[in-house]
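Engineer: here is the input, now give the coordinates:
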Amino acid sequence: MYQLMIKSFKLIFLGFLPLLCISSIDSDQGAEKDFVEENWIQLVVKDSVQELDGKMSFEHTSENFKDGQYFNSLKLRLKSNSGQVPNDVEFIISKEDEIARLPVGHYQVNPIDGFINHFDGVFGVANISSMGERPFFAADGTIHILKMEENNIAGRMNMTLSNGDGSTIRIVGKFEAELL
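Structural biologist: Reported below is the predicted structural model:
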């Protein structure tokens with residue numbers, strides 16, 4: 001009887017051990033607690049990783065269109081500080097809603113059919129001089145706004161962009177942006 005109890009205990013313990021290990025892994029939800037400890041934006045091209053220097057800024061806009069739609073937009077812009085990799089990167093997050101500002105949350109790239117002023121999601125463009133003259137446009141990815149105040153916001157991004165030649169790049173990082 002005693003051996004049966006020990007075997008049962010071992011089986012139960014070993015069955016729950018993986019669940020305990022998985023539950024201790026940091027998730028996206030926990031990132032809001034530690035906020036942005038360090039600003040960094042990286043350009044990933046194949047196996048090469050380069051830091052994108054510059055200052056991140058933002059601005060809010062709201063528009064009420066004739067067809068009754070009300071859109072709020074947040075424009076994030078990373079402008080180069082004339083470093084090793086001259087760049088100009090801009091992302092626009094737009095959402096149909098009547099609130100005065102976009103809320104803290106998770107925003108994803110959505111396909112855009114037609115004009116850019118009527119879309120929900122993220123649109124992005126990057127001009128990276130080391131990658132040629134053709135701009136890269138957001139193809140897939142997310143921007144997560146973790147904190148939003150009157151004069152600054154913070155978050156993280158993981159974006160895949162492509163150009164007309166079929167080349168792709170990734171822009172990943174944590175950021176804090178100041179009001180433009």
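
Engineer: where are the low-confidence patches of this protein?
Structural biologist: Scanning the chain for pLDDT under 70 picks out 1-2, 4-5, 7-37, 66, 82-86, 100, 113-118.

Engineer: show me where it has strands.
Structural biologist: Per DSSP state E, the chain carries strands over the ranges 40-45, 48-51, 55-64, 70-79, 87-96, 105-108, 121-128, 136-148, 152-162, 168-179.

Engineer: would you format those strands as TSV with mean neighbour count and distance to Ile6 included?
Structural biologist: Just so you know, the C-beta spots here come from the backbone N, C-alpha and C atoms, and that holds for glycine as well. Listed next are the strands of the chain as TSV, based on neighbours: other C-beta atoms under 10 Å; distance: least, C-beta to C-beta, whole Å:
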stretch	mean neighbour count	distance to Ile6
strand 40-45	16	51
strand 48-51	12	51
strand 55-64	15	58
strand 70-79	19	58
strand 87-96	20	57
strand 105-108	15	47
strand 121-128	20	55
strand 136-148	19	47
strand 152-162	20	47
strand 168-179	18	48
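
Engineer: dump those into TSV; add distance to Gln3 as well.
Structural biologist: Output for the strands of the chain, formatted as TSV (distance: least, C-beta to C-beta, whole Å):
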stretch	distance to Gln3
strand 40-45	55
strand 48-51	55
strand 55-64	63
strand 70-79	63
strand 87-96	61
strand 105-108	51
strand 121-128	60
strand 136-148	51
strand 152-162	51
strand 168-179	53
